[in-house]
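> Model the following, please.
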Amino acid sequence: MVVLGTGGGGLGPDGVPLLDVTAHLVAAAAREAGAHVWRVEVDGSDPRVLREALTDQLIRADLLLVTDDRTASSRPNPVAELLPELGATDFCQVAMEPGAEQGFALVGPDLVPVMVMPSGAGAALVSFHAFAAPLLRKLGGTVVTAGRTVRAEAADILAGPDEPVRFVPVTLRERNGRTVASRAGRGDARQLVDLAEADALAVIPAGQGVDVADVVSCWPVEQD
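Numbering: from 1, shown residues only. Presented below is the predicted three-dimensional model:
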């Protein structure tokens, strides 16, 4: 599979090459999931360059994940207008936080699946575990089942009873024979500093909160 980072490939004001942090994080997660990964970075602000980079990857990709380091949601997605020219495309909102904005396409004569990850490293990582990892298992010939899940007891309040499904970065520790989950940093999956401390993402069902001593399902995350 290929991870195409659209936030890199150019030069910053100081002449240093720009890197798509999100692309690095998603590529690391894909390798941990057992995928053979190529990571390519391109300047997504140039439609011609972006189109050429995307179509070039179709030769070797059985799955293409497109990442974007945008921090402002008001900025247009660099591939949103390009993909419909290349194949069947759908962008939608999913009731989850973070990572609500999802995009999918089937591109080229071989109908290569393309997933457009939501903007930002945390949202993209959540989206990878929720949607891309099951697709990787399917493409690898594995019966699609849930990934590895850890049941843990909450050491603190992880979330209030809000509406969407939420993903909270947590650390996991063993205490008296029990696995205990505590918020990593502030427990905000959109923050890289919280993700860096996390062992897992606690999955909070829609409309539910998690209080102290409640049991919660967690998806382990391993990062390079």
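
> domains of the protein?
Here the domain parsing of the chain from automatic domain parsing is 2-139, 150-220.

> just flag whichever of these has the lowest average confidence.
With a mean of 84, domain 2-139 has the lowest mean pLDDT of these.

> Next one: the nearest residue to residue 189 once chain neighbours are set aside from residue 194, what distance?
Leaving aside its sequence neighbours, residue 189 sits nearest to residue 122 (C-beta to C-beta, 6 or more residues apart in numbering; 4.2 Å). C-betas here are computed from N, CA, C, even on glycine. For residue 122, the distance to residue 194 equals 8 Å [C-beta to C-beta, to the nearest Å].

> Tell me which of those two has more neighbours.
residue 122 (24 against 19; other C-beta atoms under 10 Å).

> Does the more buried one touch residue 98 like I think?
Yes. Applying C-beta atoms under 8 Å, one finds residue 122 in contact with residue 98, separated by 5.6 Å.

> Give me the common contacts of these two.
189, 190 (C-beta atoms under 8 Å, 6 or more residues apart in numbering).

> What ranges does this structure have for its strands?
2-5, 38-41, 64-67, 87-93, 96-97, 101-107, 112-116, 150-154, 165-175, 178-183, 200-204, 215-220 (DSSP state E).

> Please list the residues outside stretch 31-40 that contact it.
1-5, 23-24, 27, 30, 53, 57, 60-61, 63, 133, 136-137, 140, 222-224.

> try it again with 7 Å
1-5, 23, 27, 30, 53, 57, 60, 133, 136, 222 (C-beta atoms under 7 Å, 6 or more residues apart in numbering).

> swap in stretch 53-63?
Around stretch 53-63, the neighbours that count as contacts under C-beta under 7 Å, 6+ apart are 1-2, 4, 38, 40, 42, 64, 107-108, 112-113, 135-136, 139.

> Max pairwise distance over the residues you listed: which two?
42 and 139 (23.6 Å; C-beta to C-beta).

> With neighbour numbers in mind, choose between the two.
residue 42 (25 against 13).

> So the more buried one is in contact with residue 52, correct?
No. At 8.5 Å, residue 42 and residue 52 do not qualify as touching, with contact defined as C-beta atoms under 7 Å.

> Could you give the number of residues near the closest residue to residue 170 other than its chain neighbours?
What sits nearest to residue 170 in space, not counting adjacent residues and going by C-beta to C-beta, 6+ apart, is residue 181, at 4.2 Å. As a burial measure, residue 181 scores 28 neighbours (other C-beta under 10 Å).

> For residue 181, give the beta-bridge partners.
Taking DSSP bridges as the rule, residue 181 bridges to residue 154, residue 172.

> OK, contacts around it?
So residue 181 contacts 152, 153, 154, 155, 170, 172, 202, 216, 218 (C-beta under 7 Å, 6+ apart).

> how about a cut-off of 6 Å?
152, 154, 170, 172, 202, 218 (C-beta atoms under 6 Å, 6 or more residues apart in numbering).

> Would you reformat those as CSV and include neighbour count and distance to residue 164?
Putting those into CSV (neighbours: other C-beta atoms under 10 Å; distance: C-beta to C-beta, whole Å) gives the following:
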residue, neighbour count, distance to residue 164
152, 25, 21
154, 22, 19
170, 30, 18
172, 17, 23
202, 27, 14
218, 24, 18
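
> Can you tell me which of these comes closest to residue 102?
Taking those together and measuring to residue 102 by C-beta to C-beta, the closest member is residue 202, at 20.7 Å.
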